[in-house]
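Engineer: please find the sequence and the predicted model below.
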Amino acid sequence: MDVYVDKTKCTGCQHCFDVCPVAVFQMKGRGTPDNPDAEGANSDTAPEEMKWKGVTDKAVYDKWANVQDGHKHFAKDNDGTSGGISVGVNGSACILCQACLIECEGECIHITDDTGAKYQSIYK
Ligand code: SF4
Ligand code: SF4
């Protein structure tokens, strides 16, 4: 199983980290303007156009930036509850329970199973 996050759309809500039963995700900091990957935000298999380069998709930002739901959105660092950016560091452990696919605010989680079938999060 391969799991990666489209970093351009990750809000940092941390739902994926919280619901995954096998610890596929880690929350990383968003680095600095001159080094967005300073804290390892790109340490999963996301393709080039989905890597973290310090720029968030405008439509996702506009949708979530001012939402008051108890989670930090687009915060630079994670405080243990939200913030930062999610990285699929342990995709081989995924059991395809699909919990993260249901919960992902940014609709930015991509999973490819061992047959090559692809799954993507669609927020309810
Ligand atoms: S589908 Fe995979 S990555 Fe997502 S929550 Fe389930 S085990 Fe974790
Ligand atoms: S659930 Fe989606 S938007 Fe929220 S932190 Fe995880 S990957 Fe990012």
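Structural biologist: Perfect, I can see it now. Ligands and ions are numbered 1, 2, ... in the order given.

Engineer: tell me how far residue 40 lies from residue 8.
Structural biologist: Computed with Cβ to Cβ, to the nearest Å, the distance linking residue 40 and residue 8 is 17 Å. Every residue, glycine included, has its C-beta placed from N, CA and C.

Engineer: between the two, who's got more neighbours?
Structural biologist: Between residue 40 and residue 8, counted using other Cβ atoms under 10 Å, the more crowded position is residue 8 (21 against 15).

Engineer: local confidence estimate at the more buried one?
Structural biologist: pLDDT, residue 8: 98.

Engineer: okay, and the residue most central in space within the chain sits in which element?
Structural biologist: With distances taken as Cα atoms, centre = their mean, residue 86 lies nearest the centre of the chain, 3.5 Å away. Residue 86 is part of strand 85-88, with elements assigned from DSSP states H and E.

Engineer: can you list contacts of the following helix or strand past that strand?
Structural biologist: Per DSSP H and E, strand 85-88 leads on to helix 99-103 as the next helix or strand towards the C-terminus. The contact list for helix 99-103 (Cβ atoms under 8 Å, 6 or more residues apart in numbering) reads 15-16, 18-21, 24-25, 109, 111, 119-124.

Engineer: buried members of the residues you listed into PyMOL, please.
Structural biologist: Selecting only the buried entries of the contacts of helix 99-103 in PyMOL, with 16 or more other Cβ atoms under 10 Å as the criterion:
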select buried, resi 15+16+19+20+24+25+109+111+119+121
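
Engineer: which of the contacts of helix 99-103 come close to ligand 1?
Structural biologist: 19, 20, 21, 24 (Cβ under 6 Å from any ligand atom).

Engineer: now the biggest helix by length in the chain: buried residues?
Structural biologist: In the chain, assigned by DSSP state H, the helix with the most residues is helix 58-64. Buried residues in helix 58-64, counted by 16+ other Cβ under 10 Å: 60, 61, 63, 64.

Engineer: element containing the nearest residue to the first one once chain neighbours are set aside?
Structural biologist: Translated: residue 60. Spatially, and ignoring its direct neighbours in sequence, residue 60 is nearest to residue 9 (4.7 Å; Cβ to Cβ, 6 or more residues apart in numbering). For residue 9, there is no host helix or strand (DSSP H and E).

Engineer: with that, I have no additional questions.
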